[in-house]
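Chemist: Give me coordinates for this.
(chains A, B, C and D)
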Amino acid sequence: MFKRLVQCIAVVALALGSAAAQADKLADILAKGVVRIIVFTDVPPFSSTNVNRELEGFDVDLAKMVAAALGVKLELVSATAANRIPYLLTDKADMNVAAMSVTAERAKQVMYSAPYADTSLAVYGPKSISVKSGADLGKRKVAVAKGTTEDIVLTSLNTGADIMRMEDNATSVQAYLSGQSQFLAANSVVVVELAKKNPTKEFDFKFALRRAPAHITVKLGEHNLLRWLDTFIFQATLTGDLDKLHVKWLGGPMTAPLPPL
Amino acid sequence: MIRELSGTDVLYLVMAMRWTVFLTLLALGGGSVVGLVIAACGASKNPALRYLARGYVGFVQGIPLLVWLFIFYFGLSILGYSLPPWIAAALGFSVYAGAFLGEIWRGALISIPRTQWEAGTAIGLTYLEQLRHVIIPQAVRVAIPPTVGFTVQLIKNTSLAAVIGFVELTREGQLTTAATFQPFAVYLIVAALYFCMCYPLTRYSRALERTRRVAR
Amino acid sequence: MAYTFQFRDVFAQRDAIVDGLVLTLELSAGVIALGFAIGVMVAAVLVYGKPWARRIAAGYVEVIRNTPLLVQLFLIFFGLPSLGLKLDVITASVLALTINLGAYTAEIVRAGFESIPKSQIEAGISLGLTGPQVFRHVVLLPALRNVYPSLTSQFVLMMLATSVVSQISAAELFHAGSIIQSRTFRDFEVYTVIAVLYLGLSLLLRMGFSVCYRLFFRR
Amino acid sequence: MIKKWIQSVAVVLLSVGLFGPALADRFEEIIAKGVVRIGVPLDVPPFGSQNVNREAEGFDVEMAGMVAKALGVKLELTQITGANRLPFLLTDKVDIIISVMGLTPERAKQIMFTAPYANTSLAVYGPKNLNVKSPADLGNYKVAAAKGTTQELALSAANPKANIMRTEDDATAAAAYLSGQAQIFATNSIVAIDLAKKNPNKEFDLKFNIRRSPAHMGVKMGEHTLVRWLDSFIFFNTMNTELDRLHIKWLGRPMEPMPAL
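Modeler: Down below sits the predicted model:
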């Protein structure tokens, strides 16, 4: 009798459990009490390891806020730019807080939340050269990491400038620091960090290529979770918590209200 | 936006009393049915039935009335049975009033001396017949004053039906308060109206009790 | 329709619930003790007092029993300050609940007193007992025994009724529940937890009272 | 053998019964039935209250009428309270709640919020001689606030040590302040202005603003078509200045731009 009762309960629990797991990611997270969030390990100031090999940065703080607001435990999953989407799609994580900006291409695979961090892509150079738009660049050299959004936007401007398409961010920065190029096209956040480390070099803002806000992403079809994240970001914007993260990690408050998604 | 408390408000408060009365009647009707069963079980010779009645009373009285209304209106909805508010209220109040009435009436039944039962048995009546012809007529006299007393409490407790959408006297008072921001004045009026409903009943129960005592 | 119960958010705030539970217990204990004392005194006045005292006592009982507890609470909390007497939340709560319970208790105990035949009292006096002795042994204890079930029912009801003081922000069990409810929107979970706790409290109280019964009335 | 068979039947029945084919989409259901059931408060002026003839009126009530009209269906208003609005929504007794709900990520785990439709701001009031300029200055002063409201939540979060008197509703909080049971009163700015007019001998000095507190509609978790429609409805009515008209009519001032959800 007792055994049968236990069996029955087990059956019900199983039915409930499995159904909940299939039903919906948000319900699933709440039921398990753990949220698994993808962050970078090598993109300061968004997420990188400190001297004690602990992850820290804007995204890490935000991930903590997400877990706290959900009332569940946080499990950070570190990933690279290349595998952050596959991790999400194969259910190795529930969401991606890895400074991802919107492209129509990526939006075919993942869903974007409202933007949470305000960064922009811009062209920087020495103070002495007056440049206010792409046309002012003339035939000067601009270093850029190839295939990035900076590269795509700068190329599409068709300025006639000499675009030095370097292998990655680090080499394009090196090209600018060594004087091989007069200008550098990069993310504003990266430039803030660079300026701190290289006080002798001038990083004067010339003109903006475009704003590139960062978004949280979830698997296609997880509407409940996405709506929750939008709500969370709305609230964090309103209470000023997001602004605090901007000041702490990006060196200044949010410039303007982020555009809605 | 905040308006003054006016005579019309008082009029509407008076009119809200009809819901209070309706809900009270609903509770008394349903509660009597449940209460009779509980009282009969509680006064029976079968110990299992007695325990059942006692368990029911302890369980029901231990849970706030608000929760009972919640269970019948929202709880059943979760299970897929959606009831109209007044049926949910009728069920919730019946369960609740049944426990109290059952307890009161059980007390009245067992206050009838054993010898009366034995006399019934002696002339060959069954348990139900004994109840009907011998015990209940006597017990009713004992039971009426506390029953009326409980009705007075019930009248005030119907205010909890606001949680499932009824606008009876207390809720009407709350709504008026919200629009006028004068809780003090509004609740004094509400108190006076409750007093008008309850006091005559209390007087009546007093009178009944006196005649009973005289009769004894 | 299916609803998935999620108790995590509710249990995350168990400290508030425990604090509320403790306050409900304290309030109930204090109010039952005080209300009982007042009730016995008023009942004595009702049955054995002088006519004018009887009338005052009857007036008190009628007014309290025929008006809602919430209104009595509001009068004490919001009304008295205009007369210059400002009571804090807990004092006002205890006062309102005590006055309320006193009236109900008086009514019940009065019935008990009246169930004691005059002849018994006369017998007590003729045995040479003093007035207080007669009151205690011949009137009070037997009277209480007669009305014990309704008396304890009333006390349990009072425990449940303490929830009304949440209206003026006393942080008892129901208040804790509704705060959590308004934060998490987990209404069903909160109400379930609160209902179970109240049920537990009332069962405990009933057990306590039946132990008391054995202690006092079955020597 | 039979036992096992019964078990599997039970499992199937359970999973079908509890998590069977998803219920029809609520939005389509509303259109098909020709009725939308909306829960509004009647105890929160100026959003919802009864006028002297017991007709429902207020910002939320008018909003509900606009929603029904835009959907082209009949409106069925249900009066709800803070204590029962969620059960009404979760047990399908109403389709939408329009009841000056403030959004929090915690609440968003249970229902979905639309874009904001009304802009209110919450503030703290007191007598002139009290020197209070921020939540930190509250010290031991007793602050009356209706429990579960955004002002109460925000104050509790800003200063967990504040001596907050959590009353049943706004009217009770006002009574506490007027009777002197509380020294400070946290409420909606509109309510405070009205109260100050009615009680000229009591001081309602603005101490500090707590925060903006937009109001959102709520729908059941998973009703994405409905929430998207409501978002579009709100966007549309922002653009054609209908929302602005409602703000002026009920809140006495035009709408300020609101953050997007």
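Chemist: what sits against the spatially most central residue of chain C?
Modeler: Nearest to the geometric centre of chain C sits residue C:158, at 3.7 Å (Cα atoms, centre = their mean). Residues in contact with residue C:158 (Cβ atoms under 8 Å, 6 or more residues apart in numbering or on different chains) are C:28, C:31, C:32, C:35, C:97, C:100, C:101, C:104. In this view, the C-beta of every residue, glycine as well, is placed from N, C-alpha and C.
Chemist: now those residues as TSV including secondary structure, neighbour count and distance to residue C:212?
Modeler: Shown next, in TSV, are these (DSSP: H, G, I helix; E, B strand; the rest coil; neighbours: other Cβ atoms under 10 Å in any protein chain shown; distance: Cβ to Cβ, whole Å):
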residue	secondary structure	neighbour count	distance to residue C:212
C:28	helix	23	15
C:31	helix	26	17
C:32	helix	23	11
C:35	helix	24	16
C:97	helix	26	20
C:100	helix	22	22
C:101	helix	26	17
C:104	helix	23	19
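Chemist: and of those residues, the nearest to chain D?
Modeler: Chain D has its nearest neighbour among the contacts of residue C:158 in residue C:97, at 16.6 Å by Cβ to the nearest Cβ.
Chemist: could I have stretch C:152-168 exported to PDB, CA atoms only?
Modeler: What follows is stretch C:152-168, C-alpha atoms only, in PDB (Å, rounded to 0.1, in the frame of the first residue of the first chain):
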ATOM      1  CA  THR C 152     -11.800  28.300  24.300                       C
ATOM      2  CA  SER C 153     -13.500  28.500  20.900                       C
ATOM      3  CA  GLN C 154     -13.800  32.300  21.400                       C
ATOM      4  CA  PHE C 155     -10.000  32.400  22.300                       C
ATOM      5  CA  VAL C 156      -9.100  30.500  19.100                       C
ATOM      6  CA  LEU C 157     -11.300  32.900  17.100                       C
ATOM      7  CA  MET C 158      -9.600  35.800  18.700                       C
ATOM      8  CA  MET C 159      -6.200  34.400  17.700                       C
ATOM      9  CA  LEU C 160      -7.500  34.300  14.100                       C
ATOM     10  CA  ALA C 161      -8.900  37.700  14.500                       C
ATOM     11  CA  THR C 162      -5.600  39.300  15.500                       C
ATOM     12  CA  SER C 163      -5.000  39.500  11.700                       C
ATOM     13  CA  VAL C 164      -7.200  42.600  11.700                       C
ATOM     14  CA  VAL C 165      -4.400  44.700  13.200                       C
ATOM     15  CA  SER C 166      -2.400  44.300  10.000                       C
ATOM     16  CA  GLN C 167      -4.700  47.100   8.800                       C
ATOM     17  CA  ILE C 168      -2.900  49.600  11.000                       C
END
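Chemist: from the middle of its chain, how far away would it be?
Modeler: How far stretch C:152-168 lies from its chain's middle: 6 Å, per Cα atoms, centre = their mean, to the nearest Å.
Chemist: now do stretch B:137-147
Modeler: 15 Å.
Chemist: Can you give me the buried ones in it?
Modeler: Using 16 or more other Cβ atoms under 10 Å in any protein chain shown as the test for burial, stretch B:137-147 gives B:139, B:142, B:143, B:144, B:145, B:146, B:147.
Chemist: if you look at the strand or helix carrying the fourth one, does any of it touch chain C?
Modeler: When secondary structure is defined using DSSP states H and E, the element that contains residue B:144 is helix B:136-157. Yes. Contact of helix B:136-157 with chain C (Cβ under 8 Å from any Cβ of the partner chain) involves B:146, B:149, B:152, B:156.
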